[in-house]
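>>> The following comprises the amino acid sequence and a computationally predicted model.
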Amino acid sequence: MAPTVAQTPPLGAEWLHEVKFDGWRAQLHIDEGEGTLYSKSGADYTKRFRSLRPLISSVPVKSAVIDCELVACDEAGMPCFRTLMELGNKAPLCLWCFDLLYLNGVRFMPMPIEQRKAILADVVALGDSQHLQFSGGLQ
C-alpha cells in the first residue's frame, strides 16, 4: 500500500505505523539462496550496491520476498540519506525489514500483518545482525 498524506496520523489498534529510516524503499527477492534487491520502480539495487551481496546471502532462507528500506549510516551510526547519496556503495549499508510477503514456497500476504512480522523477526534474527534489522512498527 502506498503512503498517503494526512494532517495527523490515524489512531487505533487497527493501525500499524512504520518508521521512515531516511533511506530508499526496496524489496528483497531471494531464490535458491541468491538474492536481488529491487527499488520501487524495479531497478536492481544489487548492481549499484555490490557491498550488499554478503548481507543478502546472510538471510538464511531458500526463497523469500521481503519489504525493506535500504539505509546508509553516517559517522555517528545514524541513518543519513545524504550519506546514501554521496557515498553509496562505500557507506555502511543496512536493510531495515518490515514485511514478509513470501517465504520458502508460502505466500504470506493473506496472513495478518502481525503474524507476518513475527515470522519476519525470526528470519531477520538469524541473518547478519549488524546490517540486517527488523522494523517492528508502532501502534
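Structure's in. What do you need?
>>> So for the closest residue to Phe134 other than its chain neighbours, what pLDDT did the model give?
Leaving out its chain neighbours, the residue that sits closest to Phe134 by CB to CB, 6 or more residues apart in numbering is Val124, at 4.2 Å. Backbone N, C-alpha and C define where each C-beta goes, glycine included. If you check Val124, the pLDDT there is 92.
>>> Val124 and Gln133 touch, don't they?
Yes. Counting by CB atoms under 8 Å, Gln133 is a contact partner of Val124 at 6.9 Å.
>>> of those two, who's got more company?
It is Val124, of Val124 and Gln133, that has more neighbours when counted by other CB atoms under 10 Å, with 24 against 18.
>>> where's the more buried one, which helix or strand?
Assessed by DSSP states H and E, Val124 sits inside helix 113-125.
>>> helices and strands around that helix, which ones?
strand 63-72, strand 93-103, strand 132-134 (3 or more CB pairs under 8 Å, 6 or more residues apart in numbering; DSSP states H and E).
>>> list the contacts for the residue nearest to Phe134?
59, 97, 132-134 (CB atoms under 8 Å, 6 or more residues apart in numbering).
>>> Dump those residues to a markdown table, plus pLDDT and distance to Asp31.
Formatted as a markdown table, the contacts of Val124 follow (pLDDT from 0 to 100; distance: CB to CB, whole Å):
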| residue | pLDDT | distance to Asp31 |
| --- | --- | --- |
| Val59 | 88 | 12 |
| Cys97 | 93 | 17 |
| Leu132 | 86 | 18 |
| Gln133 | 87 | 22 |
| Phe134 | 90 | 22 |
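>>> Give me the common contacts of Val124 and Gln133.
Cys97.
>>> bridging residues for the residue nearest to Tyr102 when sequence neighbours are not counted?
With CB to CB, 6+ apart as the criterion, Tyr102 has its nearest non-adjacent residue at 4.0 Å, and that residue is Val65. Taking DSSP bridges as the rule, Val65 bridges to His29, Tyr102.
>>> what's the distance between Val65 and Leu100?
8 Å (CB to CB, to the nearest Å).
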